[in-house]
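S.K.: Provided below for reference: sequence and predicted model.
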There are 2 protein chains.
Amino acid sequence: MPVTVLLVDDEPLVRAGLRAVLEAQPDIEVAGEAADGAAVIPLVRQLRPDVVAMDVRMPLLDGIEATRALLRTVPDPPKILVVTTFENDEYVYEALRAGADGFLLKRARPAEIVHAVRLIAEGESLLFPASVRQLAAEYGEGGGNRAARAALERARLTEREGEVLRLMARGLSNAEIAARLVVGTETVKSHVSAVLAKLGARDRTQAVITAYESGFVAPG
Amino acid sequence: MPVTVLLVDDEPLVRAGLRAVLEAQPDIEVAGEAADGAAVIPLVRQLRPDVVAMDVRMPLLDGIEATRALLRTVPDPPKILVVTTFENDEYVYEALRAGADGFLLKRARPAEIVHAVRLIAEGESLLFPASVRQLAAEYGEGGGNRAARAALERARLTEREGEVLRLMARGLSNAEIAARLVVGTETVKSHVSAVLAKLGARDRTQAVITAYESGFVAPG
DNA sequence: AACGGGTTCCCCCGCACGGGGGAGACGATC
DNA sequence: GATCGTCTCCCCCGTGCGGGGGAACCCGTT
């Protein structure tokens, strides 16, 4: 019996693409589609798919919340394959923590997508497939992203430093951060210096860039 | 006789999606696919499609360069429909300047995609379809984002200012930007000041944040 | 009791940054 | 020919930023 898949993505184009790729396989069947996370749970109850291919960024209810809700409320839940555009999307880690079984880049080749669905269905977990890195490398130069993540991993920011970085990434000056945290500006300067040193950033702008590139903060 | 379309996108998934959507129409035919801008010109010569549906962001040769090269080297060139993820992608404007005939968001509904291809094929130009804004609005709340986008729309950065902002968003100092652009630091300071004023940013950090939030630059 | 990490605050200092102003050169438009 | 926008470069000037130190306090571990 075939593997059944529920497609969840707010872009009809991506759904159509996934459907085209997956339906070309004799052993895979697309059970249905949903355009946002809110529609997933009833559909899963109804269709009982083996795998849910879920986008992370969606209106109304995003992929993480949907994953959490799904695992919490549906008995014997399907495997969840997170499909995302960006390799370093902060949501990826959250999604995995939320209970997703694997994730896949949208720019993966069809054969990889099919392979991922089969693996997930068999109960394997799928993280950072090697080929994904190659694909990313094609974009050359943009290695900045992985570097950013590495920087942030090495960083091990303290809680306070994290707060400060987040406020920096909202455009606040040292004085404004000080006011917000109810401390002196000298204190903020200490934290900022620590953040810069740990991130290997020369100035606050570079720190904020690293914050965005690593997914520590996200646009939107 | 049907409208023939060449699909150019580095993501096989998107190509498959476009193919599925377009081939469902009796009057539209997908003539072929290409994964990057470099492959477009020979394919256009060979297939002579009516429309090229072209992604903006691609490895090797991006959509703008490909558009320019196409219009420069191929006699009686096809219509070019730029397909992009972000509404305010900096490349969109460049692509239109390069000679593209219209652009479309990837999150458009299938009917809109089909409509766009037909319009373009008929020689109409297609810019900022109204429905696109509605779709963007669905993402609600991303208020910060919309504000950033609005700031960038109001901004109307010149080409040079755009370049400078992009380099700012890569963490370069004024001196480094000057070296990169082969101009004086005073010149860069002028551009930076113009960018800050137009974006309503107090310092370069805020400008970079706006760049990320508006999609002018994207992580990854 | 001693230690280390985290948070808080202080000093001095150099400099890149950003505001405010002006100005010349070029091309497109009127 | 005049005008406008863009790009280029120059001046002065104040200050926020970041480096390099030091030091106190709390708290959990050793």
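M.R.: Okay, I see it.

S.K.: hey, which helix or strand in chain A has the poorest pLDDT?
M.R.: Least confident helix or strand of chain A, by mean pLDDT, DSSP states H and E, is helix A:130-138 with a mean of 31.

S.K.: Can you list the buried residues in the helix of greatest length in chain A?
M.R.: Secondary structure of chain A per DSSP state H: the longest helix is helix A:185-199. By 16 or more other CB atoms under 10 Å in any protein chain shown, the buried positions in helix A:185-199 come out as A:Thr187, A:Val188, A:His191, A:Val192, A:Ala194, A:Val195, A:Leu196, A:Lys198, A:Leu199. No exception for glycine: its C-beta is placed from N, CA and C like everyone else's.

S.K.: Do I have it right that the last one meets A:Ala207?
M.R.: The reference is to A:Leu199. Yes - with contacts defined as CB atoms under 8 Å, A:Leu199 counts as touching A:Ala207 at a distance of 5.3 Å.

S.K.: Now do the helices in chain A.
M.R.: A:12-23, A:40-47, A:63-73, A:90-98, A:110-121, A:130-138, A:144-155, A:159-168, A:174-181, A:185-199, A:204-214.

S.K.: Give me whichever of those helices is most buried.
M.R.: Neighbour counts (mean count of other CB atoms under 10 Å in any protein chain shown) averaged over each of the helices of chain A peak at helix A:204-214, with a mean of 25.

S.K.: That one vs DNA strand D: in contact?
M.R.: Yes - using CB under 7 Å from any atom of the strand, helix A:204-214 comes into contact with DNA strand D via A:Arg204, A:Thr205.

S.K.: what inclination does that helix have with respect to helix A:159-168?
M.R.: Taking axes from the mean of the first three to the mean of the last three CA atoms, to 10 degrees, one finds helix A:204-214 and helix A:159-168 inclined to each other by 100 degrees.

S.K.: what mean pLDDT does helix A:204-214 have?
M.R.: Computed over helix A:204-214, the mean pLDDT rounds to 85.

S.K.: just the CA coordinates of it, formatted as CSV?
M.R.: Coordinates of each C-alpha in helix A:204-214 appear next as CSV, following Å, rounded to 0.1, in the frame of the first residue of the first chain:
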residue,chain,number,x,y,z
ARG,A,204,26.6,46.5,16.2
THR,A,205,25.6,46.5,12.5
GLN,A,206,27.6,43.3,11.9
ALA,A,207,26.1,41.8,15.0
VAL,A,208,22.6,42.5,13.8
ILE,A,209,23.4,41.0,10.4
THR,A,210,24.7,37.9,12.2
ALA,A,211,21.5,37.8,14.2
TYR,A,212,19.4,37.9,11.0
GLU,A,213,21.6,35.5,9.1
SER,A,214,21.7,33.0,11.8
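
S.K.: counting contacts, what elements does it pack onto?
M.R.: helix A:144-155, helix A:159-168, helix A:185-199, helix B:204-214 (3 or more CB pairs under 8 Å, 6 or more residues apart in numbering or on different chains; DSSP states H and E).

S.K.: out of these, nearest to B:Pro2?
M.R.: Nearest to B:Pro2 among those is helix B:204-214; the distance by CB to CB comes to 38.5 Å.

S.K.: what about the closest one and DNA strand C, any contact?
M.R.: Yes - under the criterion of CB under 7 Å from any atom of the strand, DNA strand C is reached by helix B:204-214 at B:Arg204, B:Thr205.

S.K.: What about A:Thr158? Give its phi and psi, please.
M.R.: Main-chain torsions, A:Thr158, degrees, to the nearest 10: phi -80, psi 170.

S.K.: Which residues of chain A lie near DNA strand C?
M.R.: Checking chain A against DNA strand C by CB under 7 Å from any atom of the strand, the hits are A:156, A:158-161, A:178, A:181, A:183-184, A:186-187, A:189-191, A:203.

S.K.: out of the residues you listed, who's nearest chain B?
M.R.: Distance ranking of the residues of chain A next to DNA strand C against chain B, using CB to the nearest CB, places A:Asp203 first at 7.7 Å.

S.K.: Check the gap between the nearest residue to A:Val74 once chain neighbours are set aside and A:Leu104 for me.
M.R.: Leaving aside its sequence neighbours, A:Val74 sits nearest to A:Val44 (CB to CB, 6 or more residues apart in numbering or on different chains; 5.6 Å). Per CB to CB, to the nearest Å, A:Val44 is found 19 Å from A:Leu104.

S.K.: With A:Arg204 instead?
M.R.: Counting by CB to CB, the gap from A:Arg204 to A:Leu104 is 35 Å.

S.K.: Surely the residue nearest to A:Val74 and A:Leu70 touch.
M.R.: Yes - counting by CB under 8 Å, A:Val44 does reach A:Leu70; the two are 6.3 Å apart.

S.K.: tell me, what's touching those two both at once?
M.R.: A:Val52, A:Pro77, A:Pro78 (CB atoms under 8 Å, 6 or more residues apart in numbering or on different chains).

S.K.: how about the residues you listed in TSV, adding distance to A:Gly215, neighbour count and pLDDT?
M.R.: Shown next, in TSV, are the shared contacts of A:Val44 and A:Leu70 (distance: CB to CB, whole Å; neighbours: other CB atoms under 10 Å in any protein chain shown; pLDDT from 0 to 100):
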residue	distance to A:Gly215	neighbour count	pLDDT
A:Val52	22	29	92
A:Pro77	26	16	84
A:Pro78	26	25	88
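
S.K.: Outside of stretch A:68-79 itself, list whatever touches it.
M.R.: Identification of contacts with stretch A:68-79 by CB under 8 Å, 6+ apart yields A:6, A:37, A:40-41, A:44-45, A:48-52, A:61, A:80, A:98-99, A:101-102, A:120-121, A:123.

S.K.: that older thread, which one of the helices of chain A lies nearest to B:Leu13?
M.R.: Proximity to B:Leu13, assessed across those by CB to CB, is greatest for helix A:12-23 (4.1 Å).

S.K.: Quick one: check the closest one for contact with chain B.
M.R.: Yes - using CB under 8 Å from any CB of the partner chain, helix A:12-23 reaches chain B at A:Pro12, A:Leu13, A:Val14, A:Arg15, A:Ala16, A:Gly17, A:Leu18, A:Arg19, A:Ala20, A:Val21.

S.K.: returning to that earlier point: how about the helices and strands packed on helix A:204-214 in JSON lines, adding distance to B:Pro110?
M.R.: Converted to JSON lines, these look like this (distance: least, CB to CB, whole Å):
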{"stretch": "helix A:144-155", "distance to B:Pro110": "32"}
{"stretch": "helix A:159-168", "distance to B:Pro110": "39"}
{"stretch": "helix A:185-199", "distance to B:Pro110": "43"}
{"stretch": "helix B:204-214", "distance to B:Pro110": "27"}
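
S.K.: B:Val56: which of the ones you listed is closest?
M.R.: Closest among those, using CB to CB: helix B:204-214, at 15.6 Å.

S.K.: tell me the angle that closest one makes with helix B:185-199.
M.R.: Using the same axes, to 10 degrees: helix B:204-214 against helix B:185-199 is 50 degrees.
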